[in-house]
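Q: structure, please.
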Amino acid sequence: MKRRHFLQSSVAAVVATSLPGSQALAKALETLSEVSGDTLAITGSGAQIVLEQAAVKDFGDSLGGRLLLPGQEGYNVARRVLNASIDKHPALIVQPSGAADVMSAVNFARERELLVAVKCGGHSFSGKSTCEGGMQIDLSNFRSARVDPFSRTAHIAGGSLLGELDHEAMAFGLVTTAGTVSHTGVGGLTLGGGFGRLARRFGLALDNVSAVDIVTADGMLRRASATENPDLYWGVRGGGGNFGVVTAFEFQLHPMNRQVIGGEVVFPLSQLRDVASFYADYAASAPDDLYLDLVMMSKQGSSEGTVLLHACYSGPEDQAEKILSPIRKAGKPVHDGIQAVDYVAIQRSWDNTDPRTSGEYLKSGFINEFPDKLVDTIVDRYKAIPERGTTLFFQHSGGAIGRVPANATAFAHRKSMANMFASVDWPMTESADEHIAYIREFWKDFEPFTDGWYTNDIADQAATRINKNYQGNFERLVRVKNQYDPTNLFRLNANVKPTV
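A: Got it, this is the predicted structure:
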């Protein structure tokens, strides 16, 4: 036994001294497995441990789904997330086929105090759905969507994507708020909030959750609703992944016509002041049936940029022209793409806008108003810079979102009129450091206008800022965390640290 542990530590030490950071650990994980059959892993506190081959084998054999180790087929696909600059290497990846596998994975991780990441669609900008040296629970094989048109309810498996929810529900003339990109994971979007093209009309995705099934840190499968484990039900709606792995969602659906009116009106960047001033006024007073985003974007290598207004109107058809015509008059458009469109089609229309082969870094914050000074700041600071692709984006909120009390769910940011994002992307052949430094400096002029930030966009926030961001809901979240995850097994999120 001593000889084996000496061999294990020697292999890891040699690899670590010859390779940088993440690459070293990745190689150590694979090499150790080749030498001894055991697996090097990392705990939630950052300590290195060895998972013995027999225990890992027994665990893998117990699963209905798959267990992937470094070097095995499928491992490199599973470990990656949409943001290509995130390059982490879990010690093991569990791909559950159902709730029983999730329970087994949570028990295995808890007993060994492993670092745990949960992946659904892989859209986490900061890479929280993968991890270095821990266990990744990859829900990509755990998908299904079933709609009961009589009760207007959707039953969604924990790993499902938003497009599956939209497709099944709209077949019955029913909808719920489901983001703006169809390959986003239902779980990640919903647990943090869940904005989308219908949120101003029907509330956030989490406002439409009537129940969840969730595996908490003790490995138990629990149901949480208004009448069962109500504190847990309150906490998962805005508390993100702090309390466990959701294996099933139950959404309340709403009748809506399949045809909506939407698309982009595009203006040259020279008209930025006119368009931003229009948005500041119109977005604040728009009817609930209208969702309207303001986007400024430029591509790396080009000194040309554009500003656009993206609309989705889902209200009475006879009111559409009155509500949409002002958008076309915000400036002198170079393209008018607003037209009648299938709702599921418009939900898929941005599916290819996320970077697939480039790195990306994002800062964000909620704004409760859109003052003239913010318009001035946008005009002064936003430029199309050939050295980097930059986007400044305002996602419309308000409406029904703001009519829910701030303490009704864990999501506290009910008074916002928009979520403001600034992001930069770059080719993977370039270093990330310069681009990240640029957007952080850029953001300093915009952050004073914000009042907290969306937990689904968390990147490098300090614990004190996370606590403050939950606002008046933080103390109750701590109590729920103490009850359901007292050892902080689920920490790769906007983490609420337990106090027990």
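Q: from now on I want contacts and neighbour counts done on CA atoms only, so please keep to that.
A: Will do.
Q: quick check: bridge partners of residue 364?
A: residue 421 (DSSP bridges).
Q: got a list of what it touches?
A: Residue 364 is in contact with 419-422, 453-454, 457, counting by C-alpha atoms under 8 Å, 6 or more residues apart in numbering.
Q: check residue 455 too.
A: Here residue 455 is in contact with 192, 240, 493-494 (criterion: C-alpha under 8 Å, 6+ apart).
Q: picking up where we left off before, make JSON lines out of the contacts of residue 364 and add distance to residue 468 and neighbour count.
A: Putting the contacts of residue 364 into JSON lines (distance: C-alpha to C-alpha, whole Å; neighbours: other C-alpha atoms under 10 Å) gives the following:
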{"residue": "419", "distance to residue 468": "18", "neighbour count": "22"}
{"residue": "420", "distance to residue 468": "19", "neighbour count": "24"}
{"residue": "421", "distance to residue 468": "20", "neighbour count": "21"}
{"residue": "422", "distance to residue 468": "21", "neighbour count": "21"}
{"residue": "453", "distance to residue 468": "10", "neighbour count": "22"}
{"residue": "454", "distance to residue 468": "12", "neighbour count": "23"}
{"residue": "457", "distance to residue 468": "16", "neighbour count": "22"}
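Q: now residue 378: which helix or strand?
A: Assessed by DSSP states H and E, residue 378 sits inside helix 372-381.
Q: quick one: contacts of that helix?
A: Applying C-alpha under 8 Å, 6+ apart, the contact partners of helix 372-381 are 272-273, 276-277, 280, 442, 445-446, 449.
Q: could you do stretch 406-415 as well?
A: Residues from elsewhere that reach stretch 406-415, judged by C-alpha under 8 Å, 6+ apart: 192-193, 234-239, 366, 368, 398, 401-405, 452, 470-473, 477.
Q: let's see it at 7 Å
A: 193, 234-235, 237-239, 368, 398, 401-402, 404, 470-471, 473 (C-alpha atoms under 7 Å, 6 or more residues apart in numbering).
Q: nearest to residue 247, of those?
A: residue 237 (14.5 Å; C-alpha to C-alpha).
Q: show me what contacts that closest one?
A: Neighbour list for residue 237: 191-193, 206, 409-411 [criterion: C-alpha under 7 Å, 6+ apart].
Q: most neighbours among those, which one is it?
A: residue 411 (30 neighbours; other C-alpha atoms under 10 Å).
Q: now the angle between helix 372-381 and the helix or strand following the helix holding residue 378, please.
A: Sequence-wise, the next helix or strand downstream of helix 372-381 (DSSP H and E) is strand 389-396. Interaxial angle, strand 389-396 versus helix 372-381 (axes from the mean of the first three to the mean of the last three C-alpha atoms, to 10 degrees): 160 degrees.
Q: as a check, name the ranges of all strands in the stretch 151-300 of the chain.
A: Counting by DSSP state E, counting those that start in this stretch, the stretch 151-300 of the chain has these strands, from start to end: 153-157, 174-175, 209-215, 221-225, 245-252, 254-255, 259-268, 290-298.
Q: rebuild those as TSV, extending it with mean neighbour count.
A: Converted to TSV, these look like this (neighbours: other C-alpha atoms under 10 Å):
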stretch	mean neighbour count
strand 153-157	23
strand 174-175	25
strand 209-215	22
strand 221-225	19
strand 245-252	24
strand 254-255	16
strand 259-268	21
strand 290-298	23
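Q: residues making contact with the one helix or strand residue 477 maps to?
A: Under the criterion of DSSP H and E, residue 477 resides in helix 474-484. Helix 474-484 is contacted by residues 216-217, 231-232, 235, 243, 467, 496-500 when judged by C-alpha under 7 Å, 6+ apart.
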